[in-house]
Structures are given as C-alpha cells and as structure tokens.
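Undergrad: Provide a 3D model corresponding to the input given below.
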Amino acid sequence: MTAEYQVHGDVAVITLNNPPVNGLGLDTRRGIVDGLERAQADAAVKAIVVTGAGGAFSGGADIKEFGTEKSLQEPNLHSVISAVENCAKPVVAAIHGVCMGGGLELALGCHYRIAAPGCSVALPEVKLGLLPGAGGTQRLPRVVGVEAALNMIVSGEPVKSEFIGAVPGQKLFDRMAASPESLPEEALAFARSVAEARPLPLVRNLPCKHPEGDAYFQFARNMVKGMAKNFPAPAKCVDAVEAATRRKFADGLQYERELFINLMWTPESRALRHLFFAERAASKIPDVPSDTPKRDIKKVGVIGAGTMGGGISMNFLNAGIPVTILEMKQEALDRGIATIRKNYEAQVKKGKLKEDKYQQRMALLSTTLSYDDLKDCDLIIEAVFEELGVKEAVFRQLDQVAKPGAILASNTSTLDVDRIAAFTRRPQDVVGMHFFSPANVMKLLEVVRGKATAKDVLATVMAIAKKIRKTAVVSGVCDGFIGNRMIERYSQQAGFLLDEGCTPSQVDKAIERFGFAMGPFRMGDLAGNDIGWAIRKRRYVEKPDMKYSKTADLLCEMGRFGQKTGAGWYDYAPGKRDAIPSPMVEKMVEEHRKALGIAPRKISDEEIVQRLVYSLVNEGAKILEEGIASKAGDIDMVYLTGYGFPIHRGGPMHYASEVGLFNVVQAMKRFARNPLDDARAWEPAPLLARLAAEGKAFA
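TA: Numbering: from 1, shown residues only. This is a model prediction of the structure:
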C-alpha cells in the first residue's frame, strides 16, 4: 500500500509513501480514502494528519500513470479531496519538502495545514500546457490572494513555505513548524488542539474577490499574451482564476475542469508532456543499468582556452568542480581567462551572480602550458581545432600522462570518436562530449558512445552532465552524430530554396514564424559560414554525388563568414547582431540562378517550412533505424535544447507524428518530383515508410 495508516493515541496519521515524490497514483488515492474511513469508524480517533514519507509531502500526479486509465479511475483526485472535505473529523495536512500540483490541491482540501520551513510549494501544471485540474485555480486565490495565486499558477514556479507563511493575511498555512524534523510532533499536537473545533473550516467557503477585477484581469491577459503567445494554457489560467472571483465555488470548479480537459487535447500540451517524458527518458540508456558504478570526478582538465574550452570550463566551475585549462601559448591562456572573467563579471553586474560566488569559482580555476599538470585529473576534455590530425596529437599525449581510469573526452562535433579512441591504448575510457556554443549557456550535451566506450564511463558522464545542469543525449558514432547530421540536410534544403526563388530573409522569416529561434541563414552567420564550408569541402571528396546549392560556397569565397567578419548572408553593423538583408548577397544569388538557367518562382511559407522540417524528420528516421539514437524522444531533445526547434511543436519527430507520418511521406514524394531538388534525399527512410504505411507514429 502506498498510503500507510497508523494511530498515535487519539490521532490517525495517513502517510503517503509512493517514492520518489509520493505521486498521487490510484493506489495512493485509494489508501487516503481507506484511511479516512478507518479513522472515522474508530471512536478513539479524534483528528487525522495527512503527511508524506521521505523528503516530500507530494509532488502531485504520479507520472507513471500519465495517459493511462488509472489516472482517471475512481477515486480520482477530485473524489479524494471531496472525501477529505466531508470528513467528520478534522484533517490536518503536515507539509514538508515538496508540495506541488495535486499535492498542493490535496493540502488545500484539508481543514488545516501546518508547514515545515524549506518546503517548495507550486502549481506547475502550466509547464505541461495544462492548468491545475483539481481545484487549484479556485482554492489557492482564497488563501493567498488573487494576484499572488495567479502569479504562482501562470509561472508554475515554486515558492518557499516560509515566504508564504510570513505574508500577513495568508490562510494557506495555519501554523509554521519550527523545522522539518519537528513537523511530525508539531502536527500531532496541532491536530489535538483542533480536535473539538466545529464547524470544520473549508477553503472553498472563503471569499474570493479582487477590488479592481476587470482592470486586473485585462492587465493579466495582456501580460501572458506577450510572454506565452504560442501556449494557450497561461491565458486559460487567467480565465479560471477570474472565474473563482465571479462564480460560485461549484461552478468555478466545473469551469476549471472543462478548461483542463480542453487543454489536455491541445497540440501544445501534448508537445510539452512529450518533452517532460523525453527529458527524463534521455538519461536512461537501454543497456546501462541505473545502478552501474560511476567513477569519481573530483578534478577536470580542459585542453584549449578558446570559446569552447572557456565555456566548458565555466560549467564545471559553476558546479564547484576544480578545473585546469591547458594551452600551448601563454597569450592564448591569458585571452581565455580574460573571457571567462568577463562572462562572470557581466553576470555580477546584472545581479545574477554574487561577488563572493564569482571569486569562489575563479579560485577553482588553474592554468598550465604542460600536459604533466593534467596527470591527476579524473576527466579531461579536449576542445581543440576540429581536425583529426590535431585531435590525434592531443590524444596520444593524453595517453602518456593521464592517470589510469581517467575519462578522456573529445568535444568533436562531427569527427569519428572510434578513430580518436584508437589513438590511445585505452579506448574504453574515451567518449565524445559534444557541447554546444556558447557552452556555458546551451543546455544540450551530445554524449557520443564509441564502440569500445565502457558502460561505467557512460554512466559517469551522464551523471556529471546532470551535475553541470546539461540535458545529455547519447548518440552513436556517425558523421555529425544526431544534431549536425540532421542539420546538414536542413541546410541543403535551405540552399535549394535560394536557387529556386527565395531570399535568405524569406526562408528565415518563414521558419521563425513556425517558431524556430532563428532561420538557417541567421544560424549560419552566428556559427560561422566557414565551418559549413569546411564540411562541404570534405563532402566533395568523400561523397562526390551529394548535391548542394553553390550559393554557400560563393558566399564564403566573398569572405562573408558571418557575424565574426561583419558580413555573411546578412550585413551587420559594428558591435551589433541585427541581421540586415544584403543587396550584395541577393545579387549573388540572382546571378547564380541566371548562370544555372533557373527562372525563379514564388515559394510559399508552407513549402519552406515543410522542406526544412521534413528533411530533419527523414534523416532522424535513418538515425533511429541505424541505432545512432535509441529513441525518437532523444532526437527531439537534441533539437529542442540545442537547435532552437520550437518547444510548442515538441521536436521534429513528435511534430511529424502530430502531422501524421502518412502526410509527411506524401509531401516528401511531391518534393522528390522537383527537378531542382535532390530526389534521393527525399527517398523516405525505411522506418518512416513502414510506420506511415501502418498508420503509426514514432514511439
């Protein structure tokens, strides 16, 4: 049973015990109702305490039951709360650790609440594209005030219990316990003190008004419209809280339920729920058990003090892990350290980092010009030039100096990790750790698993990724891994669109309206167009039959490498990042078209978006089939956290499933008939073709 029942003298205690956060699954809900019935049937019991085992009161819904029949089965959470409210004996919620979502809604249904300091209190449903569905929008405004409640509900962010407890006039907590340790005893004493109190207080009976309701709710709608234009849930949260101020409680509860059910069916909520599960599943590797022993990482070495090396180092410094940076020349080291200081000082200036924390982080950083100083590092990451010969020299050196059991990682974005591992006598200790630029900001970390990479190395790297607050996704070895292999097909299509009649800004605007953070041409300018040029030069030798538009090469021959040179697909004013359409580039594209004898045509935004996104999907399906990624959700996580794919679309693979794989394949067949496109690139991956034929989606 996941809800335990015990009697302490004249007080019954119902303890939720469903690790890790006492989720309110069906068994737990039944256990609460059974406990209430037992307590009411026992004449010796005068009051009831509901609390949670371990480090939480309750984190809300049991995520294992999401989308299953169990989540709706009776007693559902509404029924449980009704049973609590209608209990003939006082029910006290003893809150500690975590009290979120349905857990907070359950507590609001209790007659009294006592909270320990340090408890995180939240209604985070908006982060799943939903609103609280068991009375949260109706009860919370009655105990903390309309504005404070709406802020909590719309943001979904946790608030500490002691902060709420200190607010004059709040009715969420009747008492604050002295400490989490004293909460059980204090809750029992509090329950005894209210044992004879009648009538029993109910949150639903408290008044709920705003003195300037019309103006306030209009202001709130304008705010959420600006902040969450692609998500319907925040605006519906405003509607639900407004209903709490204007309707009878029962009517407001019914309205909240209708809004909740409607939101459940929106593509935005499905996308956010997919993201929620995909993020948790990404850390699970099918053949690496969760109890795999991990290596101790107490000190990290980083080779290269450039943009990537500095950014990578900051991640570890932020997590309190000492870092030694190695460079070949003192000037390069000095430049790199100056950049790290500048980044931290900017955070201090904005109030995001305290001065003492900045000093602590810098104190963890040491520098060297000698490989010998890396001999006591547990993890060494190279962030040197993306050329195999340069990587070889580094790994041969590391093999000589690194201690046994040290993990040797390459920050390569495209090169063969198996070949890099072969430069050492310890390929089992070699792994790819592909950080994204700027490495101290971007959430994604592609963990590249070589054929010899040891399981404990993988488990260690996934754990350390969590410690440095990265979303780690495992990729097998192939050219470009998951993200860059797919983006090459996307960039290829962007080039063909120019050949056929688009301008760079037309392509970028279409995909940005779809929701991408930036289009392919702005992205190229930010990353540096010379990087793609180097890859294409390699492709011309290795895959001479691969088709590209020549416009990107012509751009690079003009020396327009992007923001770093002040000119790329766009022009840039000195010191600014605004992309200004370039007449010179548009002329170059037109002349190239003429040279090929292509008459430009009008291309719709819909075609632009479909060609760019479906090119990602098809390559993603090949990556899945080849086992480079173990699940479609991993590919979506790469694109959501590393490439600016719109979160409300749920990632390329989820989006394709939403559109319908049959429809995706039909569009691809249409594009394959375009003589100016690359027909072979639109040949559906066998997995995609099979799923479409069977009417299925990516799992």
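Undergrad: got the buried residues for the worst-scoring helix or strand of the chain on mean pLDDT?
TA: Across the helices and strands of the chain, mean confidence by mean pLDDT, DSSP states H and E is lowest for helix 529-542: a mean of 85. Neighbour counts over helix 529-542 (16 or more other C-beta atoms under 10 Å) mark 529, 530, 531, 532, 533, 535, 536 as buried. (C-beta placed from N, C-alpha, C; glycine too.)
Undergrad: same thing with stretch 472-484?
TA: 472, 473, 474, 475, 476, 477, 478, 480, 481, 482, 483, 484.
Undergrad: same question for stretch 497-510.
TA: Buried residues in stretch 497-510, counted by 16+ other C-beta under 10 Å: 497-508, 510.
Undergrad: looking at those residues, which is nearest residue 407?
TA: residue 508 (39.4 Å; C-beta to C-beta).
Undergrad: isn't the closest one right next to residue 524, touching?
TA: No: contact criterion C-beta atoms under 8 Å: residue 508 and residue 524 do not qualify, at 9.9 Å.
Undergrad: just to revisit the earlier point, ok, and what's touching the least confident helix or strand of the chain?
TA: With contacts defined as C-beta atoms under 8 Å, 6 or more residues apart in numbering, helix 529-542 is touched by 386, 414, 488, 491, 524, 546, 548, 552-553, 555-556, 560-562, 568-569.
Undergrad: just the buried residues of those residues.
TA: If we count by 16+ other C-beta under 10 Å, the contacts of helix 529-542 have these buried: 386, 414, 488, 491, 524, 548, 552-553, 555-556, 560-562, 568-569.
Undergrad: what about the helices in the stretch 151-300 of the chain?
TA: Secondary structure of the stretch 151-300 of the chain (DSSP state H, counting those that start in this stretch): helices located at 161-165, 183-193, 213-227, 233-246, 249-264, 267-282.
Undergrad: need those in CSV with distance to residue 407, can you?
TA: Listed next are the helices of the stretch 151-300 of the chain as CSV, based on distance: least, C-beta to C-beta, whole Å:
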stretch, distance to residue 407
helix 161-165, 40
helix 183-193, 42
helix 213-227, 41
helix 233-246, 42
helix 249-264, 43
helix 267-282, 20
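Undergrad: so which of those helices is the most surrounded?
TA: Of the helices of the stretch 151-300 of the chain, the one with the most neighbours on average (mean count of other C-beta atoms under 10 Å) is helix 233-246, at a mean of 23.
Undergrad: CA atoms only for it, dumped as CSV, please.
TA: Output of helix 233-246 as CSV, limited to C-alpha atoms (Å, rounded to 0.1, in the frame of the first residue of the first chain):
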residue,chain,number,x,y,z
ALA,A,233,-2.6,27.4,-21.0
PRO,A,234,-1.4,30.7,-19.3
ALA,A,235,-4.4,32.6,-20.7
LYS,A,236,-6.8,29.8,-19.6
CYS,A,237,-5.2,30.1,-16.1
VAL,A,238,-6.3,33.7,-16.0
ASP,A,239,-9.8,32.7,-17.1
ALA,A,240,-10.0,30.1,-14.4
VAL,A,241,-8.8,32.4,-11.6
GLU,A,242,-11.2,35.1,-12.8
ALA,A,243,-14.0,32.6,-12.5
ALA,A,244,-13.0,32.0,-8.9
THR,A,245,-13.8,35.7,-8.2
ARG,A,246,-17.0,35.8,-10.2
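Undergrad: ok so, going back, from the buried residues of stretch 472-484, which ones fall inside strands?
TA: Judged by DSSP state E, the buried residues of stretch 472-484 include 472, 473, 474, 475 as members of strands.
Undergrad: wait, isn't the last one in contact with residue 626?
TA: Which is residue 475. No: checked against C-beta under 8 Å, the pair residue 475 and residue 626 is beyond contact range at 10.8 Å.
Undergrad: nearest to residue 428, of the buried residues of helix 529-542?
TA: For the buried residues of helix 529-542, the minimum distance to residue 428 (C-beta to C-beta) is 29.3 Å, reached by residue 535.
Undergrad: kindly provide the distance from the closest one to residue 201.
TA: 68 Å (C-beta to C-beta, to the nearest Å).
Undergrad: go on, residue 76?
TA: 24 Å.
Undergrad: and what of residue 95?
TA: 17 Å.
Undergrad: those two: who's more crowded?
TA: Set residue 95 next to residue 201 and count neighbours by other C-beta atoms under 10 Å: residue 95 wins out with 30 against 16.
Undergrad: next up, the contacts around that one.
TA: Counted by C-beta under 8 Å, 6+ apart, residue 95 has contacts 51, 57, 107, 113, 114, 115, 116, 119, 121, 161, 173.
Undergrad: which stretches of the stretch 351-500 of the chain form strands?
TA: Under the criterion DSSP state E, counting those that start in this stretch, the stretch 351-500 of the chain contains strands at 365-368, 379-382, 407-410, 430-435, 444-448, 471-475.
Undergrad: would you map out the domains in the chain?
TA: Split into domains by automatic domain parsing, the chain comes to 3-264, 300-475, 483-693.
Undergrad: could I get the full set of helices for the stretch 1-150 of the chain?
TA: According to DSSP H, counting those that start in this stretch, the helices that the stretch 1-150 of the chain contains are 26-41, 77-85, 102-109, 136-144, 146-155.
Undergrad: related to what we said a few turns ago, so which of the contacts of helix 529-542 comes closest to residue 667?
TA: The shortest gap between residue 667 and any of these belongs to residue 491, at 19.2 Å (C-beta to C-beta).
Undergrad: not counting its neighbours along the chain, what's nearest that closest one?
TA: residue 520 (5.6 Å; C-beta to C-beta, 6 or more residues apart in numbering).
Undergrad: surely that neighbour touches residue 506?
TA: No: counting by C-beta under 8 Å, residue 520 does not reach residue 506; the two are 11.6 Å apart.
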